[in-house]
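Q: quick one, structure for this:
(2 chains)
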Protein chains: 2
Amino acid sequence: MTAPPHEGHSARPGRALPDTQRGMRRRNLARVMHTVSAEGPLSRAAVASRIGLTRAAVSTLVDELIRSGLLEELGPAERPGRVGRPGSALAVSARGPAGIGAEIGVDHLAVCAVDLRGRVRARAVRYGSNRDGSLEPALERLTGLVRQVVAQAEGEGLWPAGLAVAVPGLVARDARTVVRAPNLDWQDADLGALLPAELPLTVDNEANFGALAELWLGDGTPRDFLHVSAEIGIGAAVVFDGRLLRGTRGFAGELGHVPVRPEGPTCACGGRGCLEQYAGEKALLRAAGVEPGEDRVGLLAGRAAEGDENVRRALSEAGTALGIALTGAVNLLDPQSVVLGGALAGLAPWLLPSLREELAGRTAGPVCPVAVSELGPQGPLLGAAHSVVRAVLDDPSVAAGRA
Amino acid sequence: MTAPPHEGHSARPGRALPDTQRGMRRRNLARVMHTVSAEGPLSRAAVASRIGLTRAAVSTLVDELIRSGLLEELGPAERPGRVGRPGSALAVSARGPAGIGAEIGVDHLAVCAVDLRGRVRARAVRYGSNRDGSLEPALERLTGLVRQVVAQAEGEGLWPAGLAVAVPGLVARDARTVVRAPNLDWQDADLGALLPAELPLTVDNEANFGALAELWLGDGTPRDFLHVSAEIGIGAAVVFDGRLLRGTRGFAGELGHVPVRPEGPTCACGGRGCLEQYAGEKALLRAAGVEPGEDRVGLLAGRAAEGDENVRRALSEAGTALGIALTGAVNLLDPQSVVLGGALAGLAPWLLPSLREELAGRTAGPVCPVAVSELGPQGPLLGAAHSVVRAVLDDPSVAAGRA
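A: Have a look, this model is predicted:
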């Protein structure tokens, strides 16, 4: 272990430390933004008292944030029932930077713009297979959608602070390279080279963005949980103490390849009897006797709701397999809860009974609760867009530099 | 997410903030201790330049640490080949606080004292079963051993800064209560009530302390790894970014209850086909046809080394089961490595081939490396003692308060 980083100021008198001061200013800008974002509208005095700086210091920071378009002063009409000098109530800007989130699904593309207040201000979806044999056509279509959403957002006075893309595959820790997305037939694909270069880019696994959305937007989401989602494959994300556990190569969360029945059918990963062989979309459709169509999850959910016995049995057996894999994960991680998100959320009514039975039957003490995400399939897209917004709140000086 | 904590100093002039100043002083004391511990012997000037404080400020801190017995000034004889004013080289004290580590095994008790320099200065072991039907007799024996080691350490001029106890069971997050130690027949046992009240107490799972020892003392241990150990049961500890992942209730790391063959034999945990049913000590001894004796691991290792086919087959099959469970864990966590510690280290030569084969056969990409701990069965005891030492380095003001 090394010594803790130097967080205070140097005691050496009369010697300027520009790096430390820049760091401090950056942290203070972030504290103002986070405070107004979480509790606003607030007056300058209220911000100052909450973060323990002087009013003068806060005013300097606030002025800079207003100039950069990150904060705005509300007029009297926007502050019903509040007293005080007009213009003194601060709110995060509804016309400043926006986070652009994108999702590359196997059969759809989606893009949205979220403002600093967390509201979706523009959105576009395009259906159709993205398994073109190469990635260029899909990324061209995505670029088109991104430009369309950016134009729409700009029409509302917003400007794009960055682009975050959710993909159904393993992403390297450079946050650009898709190492493996078997359901898209992509391998070692650098998305950075093919997406709009004018926007700072972050690429991540859809399960990771789904889990972050749950953490940031979910109602009462704990800080330690396991988020399980599906888009043909089955992915998971481990959130520990409010942070995503990414793993050494960025590949953590591969619940789909946890062996459920070690002598079971061979899997594309090289293993046998992986969870995906029992609860992945392909296995599910086969077991249910359903022809793969476009909205496969909707199809399965519809048939199950109509009482189709084959579909219900297939979903129940998938729930059992999920329960076995999750027993292992829960024993290893002791999370506060398991959240079913993404496509699994829509199938939860038919997966949950056998899943919970398996988990309870294999646990001596209290059973880890399993919840269903309210964000459902929207999670990854929202998580992507919000990751850009949070990056702005965490370091407003970057966005401020642009204005 | 809340605003980041206030790490800087208040800009409000003329207003004293005693809490912040105390916090800053505490942090600075810790920085001095960690710097000297990692790089000493060092002069005051060298410490000042490394942590970015003035020499005057460092001297004040150093004087306080010397008065408290946490640092000492080396005489010229102790500084061969070094020049400079005698007494100017600082080292962490070899006569200050000591960490007392203890281990409650199923068939032994061990206690040791480690000084601030990380050296074991006193040690005592007592063999004999601790399954007495109640916990009092074992804890009485342990108290006797602790007093013996403390007396020995005091004879060398050390004083005990705290007691950390490793147990083969689940420990609640209060770090006192053993919730379940099935192999000792303990349940909901508050060790705090039965151990020497004069020492600050921390109780933790033996796998956790083993992993911490690996992290702190291992040669080139990564910051993300999975540590697997055994003492009758099989435990694991997840270290992520240099921190132990404890789980919501403190129960993370229960690798022994990951289902390996879901329709397999019933386990005491309520599950079926858990790893422990294939690779736990009891299962191993049964499969090997070996009568349980006192040094069971030594017995198995001895027989395997002599070429006993039954023992070798049993160990190889246990390695296969470990490989299946670890495939799941590696897929979930993507650690930099897996470390076999505790009793497993001694059996590694016969476990590893089938374990590695299983892991490689079930993995598409690069296979997670599996290493054997060099600390072996000493890990948990050393981890316990070092956890007390590190607590002193992290907050010397507590120990300073005593002197």
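Q: just say helix, strand or coil for the residue of the stretch 101-250 of chain A found nearest chain B.
A: For the stretch 101-250 of chain A, the residue closest to chain B is residue A:247, as judged by Cβ to the nearest Cβ, at 2.5 Å. (C-beta placed from N, C-alpha, C; glycine too.) Here residue A:247 is recorded as coil under DSSP: H, G, I helix; E, B strand; the rest coil.
Q: check contacts around the closest residue to it other than its chain neighbours.
A: Nearest residue to residue A:247 in three dimensions, chain neighbours excluded: residue B:334, at 2.5 Å (Cβ to Cβ, 6 or more residues apart in numbering or on different chains). Residues counted as contacts of residue B:334 (Cβ atoms under 8 Å, 6 or more residues apart in numbering or on different chains) are A:246, A:247, A:248, A:249, A:250, A:251, A:252, A:253, A:254, B:224, B:368.
Q: ok, back up a step: does the residue of the stretch 101-250 of chain A closest to chain B touch residue B:330 like I think?
A: No. Counting by Cβ atoms under 8 Å, residue A:247 does not reach residue B:330; the two are 9.1 Å apart.
Q: which of the two has more neighbours?
A: residue B:330 (27 against 22; other Cβ atoms under 10 Å in any protein chain shown).
Q: residue B:161: which of the contacts of residue B:334 is nearest?
A: Nearest to residue B:161 among those: residue B:224, at 29.5 Å, using Cβ to Cβ.
Q: separation between the closest one and residue B:114?
A: Applying Cβ to Cβ, to the nearest Å, the value for residue B:224 to residue B:114 is 26 Å.
Q: next one: residue A:238
A: 33 Å.
Q: pick out whichever of these two has more residues nearby.
A: residue A:238 (29 against 25).
Q: hang on, that one packs against residue A:252?
A: Yes. Under the criterion of Cβ under 8 Å, residue A:238 makes contact with residue A:252 at 6.0 Å.
Q: name the nearest residue to residue A:126, ignoring sequence neighbours.
A: Excluding the flanking residues, the one nearest residue A:126 by Cβ to Cβ, 6+ apart is residue A:109, at 4.7 Å.
Q: same question, residue A:216
A: residue A:386 (5.5 Å).
Q: against residue A:291, how distant is the residue of the stretch 101-250 of chain A closest to chain B?
A: Counting by Cβ to Cβ, the gap from residue A:247 to residue A:291 is 36 Å.
Q: strands of the stretch 1-150 of chain A, residue ranges please.
A: In the stretch 1-150 of chain A, the strands defined using DSSP state E, counting those that start in this stretch lie at A:42-43, A:71-74, A:89-92, A:97-104, A:108-115, A:120-127.
Q: pLDDT and distance to residue A:312 added to the contacts of residue B:334, as TSV?
A: As requested, the contacts of residue B:334 are arranged in TSV below (pLDDT from 0 to 100; distance: Cβ to Cβ, whole Å):
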residue	pLDDT	distance to residue A:312
A:246	90	36
A:247	90	35
A:248	90	40
A:249	88	38
A:250	87	37
A:251	89	34
A:252	91	33
A:253	91	28
A:254	91	28
B:224	92	41
B:368	94	38
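Q: among those residues, who's most crowded?
A: residue A:253 leads those on contacts (other Cβ under 10 Å) with 30 neighbours.
Q: would you agree residue A:254 is in contact with residue B:331?
A: Yes. Using Cβ under 8 Å as the test, residue A:254 is close enough to residue B:331 to be in contact (3.9 Å).
Q: ok so, going back, and for the residue nearest to residue A:126, the neighbour number?
A: Residue A:109, neighbours per other Cβ under 10 Å, totals 22.
Q: that one reaches residue A:142, doesn't it?
A: Yes. If you go by Cβ under 8 Å, residue A:109 and residue A:142 touch, sitting 5.3 Å apart.
Q: what sits in contact with each of those two?
A: residue A:102.
Q: so where do the helices sit in chain A?
A: Along chain A, the stretches classed as helices by DSSP state H are A:18-39, A:44-51, A:55-67, A:136-155, A:206-217, A:276-279, A:281-288, A:296-306, A:309-333, A:342-361, A:379-394, A:396-402.
Q: ok, which of the ones you listed comes nearest residue B:271?
A: helix A:309-333 (6.6 Å).
Q: which residues of the stretch 251-400 of chain A lie near chain B?
A: Residues of the stretch 251-400 of chain A that fall close to chain B, judged by Cβ under 8 Å from any Cβ of the partner chain: A:251-262, A:268-272, A:324-325, A:327-329, A:331-336, A:361-365, A:390.
Q: please, a ChimeraX command that selects the buried ones among those?
A: In ChimeraX, this line selects whichever of these come out buried by 16 or more other Cβ atoms under 10 Å in any protein chain shown:
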select /A:251,252,253,254,255,256,257,258,259,260,261,262,268,269,271,272,324,325,327,328,329,331,332,333,334,335,336,362,363,390
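Q: which of the residues of the stretch 251-400 of chain A next to chain B fall in strands?
A: In this view, these have no member that belongs to strands under DSSP state E.
Q: need the contact list for the residue of the stretch 101-250 of chain A closest to chain B.
A: A:253, B:224, B:333, B:334, B:335.
Q: got it, and residue A:368?
A: A:326, A:330, A:334, A:335, A:336, A:337, A:338, A:359.
Q: burial measure for the nearest residue to residue A:336 once chain neighbours are set aside, as a count.
A: Nearest in space to residue A:336, with sequence neighbours left out and distances taken as Cβ to Cβ, 6+ apart, is residue A:222 at 3.7 Å. Residues near residue A:222, counting by other Cβ under 10 Å, number 17.
Q: cool, and residue A:21?
A: Residue A:21 has 11 neighbours, counted by other Cβ under 10 Å.
Q: distance check, it against residue A:35.
A: 21 Å.
Q: mind checking pLDDT for the closest residue to residue A:41 other than its chain neighbours?
A: Residue nearest to residue A:41 in three dimensions, not counting chain neighbours: residue A:89, with 4.0 Å by Cβ to Cβ, 6+ apart. Residue A:89 is assigned a predicted lDDT (pLDDT) of 91.
Q: quick check, residue A:89 in contact with residue A:72.
A: No. Contact between residue A:89 and residue A:72 fails when scored by Cβ under 8 Å: they sit 9.6 Å apart.
Q: phi, psi of the closest residue to chain B within the stretch 301-403 of chain A?
A: Closest residue of the stretch 301-403 of chain A to chain B, Cβ to the nearest Cβ: residue A:334 (2.5 Å). Here is the backbone geometry of residue A:334 (degrees, to the nearest 10): phi 50, psi 50.
Q: could you report the pLDDT at it?
A: pLDDT at residue A:334 comes out at 94.
Q: give me the phi and psi for residue A:221.
A: Torsion angles, degrees, to the nearest 10, at residue A:221: phi -60, psi 130.
Q: ok, it - contacts?
A: A:214, A:215, A:339.
Q: and with 10 Å instead?
A: By Cβ atoms under 10 Å, 6 or more residues apart in numbering or on different chains, the contact list for residue A:221 reads A:211, A:213-215, A:227, A:239, A:242, A:336-337, A:339, A:371, A:373-374.
Q: looking at chain A, which helix or strand is least sure?
A: helix A:396-402 (a mean of 70; mean pLDDT, DSSP states H and E).
Q: sketch out the low-pLDDT regions of the stretch 301-403 of chain A for me.
A: For the stretch 301-403 of chain A, applying pLDDT under 70 flags the ranges A:400-403.
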